[in-house]
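Peer 1: Need coordinates for the following:
(chains A and B)
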Amino acid sequence: QKEVEQDPGPLSVPEGAIVSLNCTYSNSAFQYFMWYRQYSRKGPELLMYTYSSGNKEDGRFTAQVDKSSKYISLFIRDSQPSDSATYLCAMSASQNAGGTSYGKLTFGQGTILTVHP
Amino acid sequence: DTAVSQTPKYLVTQMGNDKSIKCEQNLGHDTMYWYKQDSKKFLKIMFSYNNKELIINETVPNRFSPKSPDKAHLNLHINSLELGDSAVYFCASSQALPSYEQYFGPGTRLTVT
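Peer 2: Predicted structure coming up:
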């Protein structure tokens, strides 16, 4: 079983729809949770970052973390064709200098999202 | 004014060859990374350098050797290339370690025939 599981999709929605993207994880040491967006033939770029449990909102994007269920979500409201991309969740454990996981991000497989006009 | 750049963008080579990929960042960051993204889009860290010191060294064949001549550069040399090395290799940087905001380069698409 992979440490981070993410449904690769693909997911196709009409413009204006609410999109829900999810990841589950098994490592209870993960405390830092990120969503990266990757356009075709480009490198990933950070979209959202949250620490521990809770919600964070940034414009049309909302990130949720439920550590008790080991489940994180990204919601996109009023989706646009420009949101079409692969969305990767990423996680990191408590950062102790000198530890083997220091600074290491573990990524999900990525969900391919297409928003059609 | 590219933040993280990689050369070459595409690399096609035969099994058994040795090749290098170069990475440079002009963001003034202290930490740089190499990632491998396979055909199923899994992105996995290979190495991380902080101030030219190797910090993360994942379970990667020793045919892969990173070199950091200075904070702004991190190169990846691969010996005796194998078919399974075909992937997209991304370089990334971050301001410090640990950092969750990593800036990725455009990737180098390596095809081994």
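
Peer 1: What average pLDDT does stretch A:84-91 get?
Peer 2: For stretch A:84-91, mean pLDDT rounds to 96.

Peer 1: ok, is that stretch in contact with chain B or not?
Peer 2: Yes. Using C-beta under 8 Å from any C-beta of the partner chain, stretch A:84-91 reaches chain B at A:86, A:88, A:90. Bear in mind the C-beta positions are built from the backbone N, C-alpha and C, glycine included.

Peer 1: Can you select the buried ones among those residues for me in PyMOL?
Peer 2: To isolate the buried ones among these in PyMOL, judged by 16 or more other C-beta atoms under 10 Å in any protein chain shown, type:
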select buried, chain A and resi 86+88+90
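
Peer 1: With secondary structure added, can I get the residues of stretch A:84-91 next to chain B in CSV?
Peer 2: Formatted as CSV, those follow (DSSP: H, G, I helix; E, B strand; the rest coil):
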residue, secondary structure
A:86, strand
A:88, strand
A:90, strand
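
Peer 1: what residue ranges in the chain score low on pLDDT?
Peer 2: Going with chain A. Low-confidence segments of chain A (pLDDT under 70): A:94-102.

Peer 1: not what I meant, chain B
Peer 2: B:1, B:97-98.

Peer 1: Name the residue of it with the shortest distance to chain A.
Peer 2: Chain B approaches chain A most closely through residue B:104 (3.0 Å), counting by C-beta to the nearest C-beta.

Peer 1: For that residue, name its beta-bridge partners.
Peer 2: residue B:92 (DSSP bridges).
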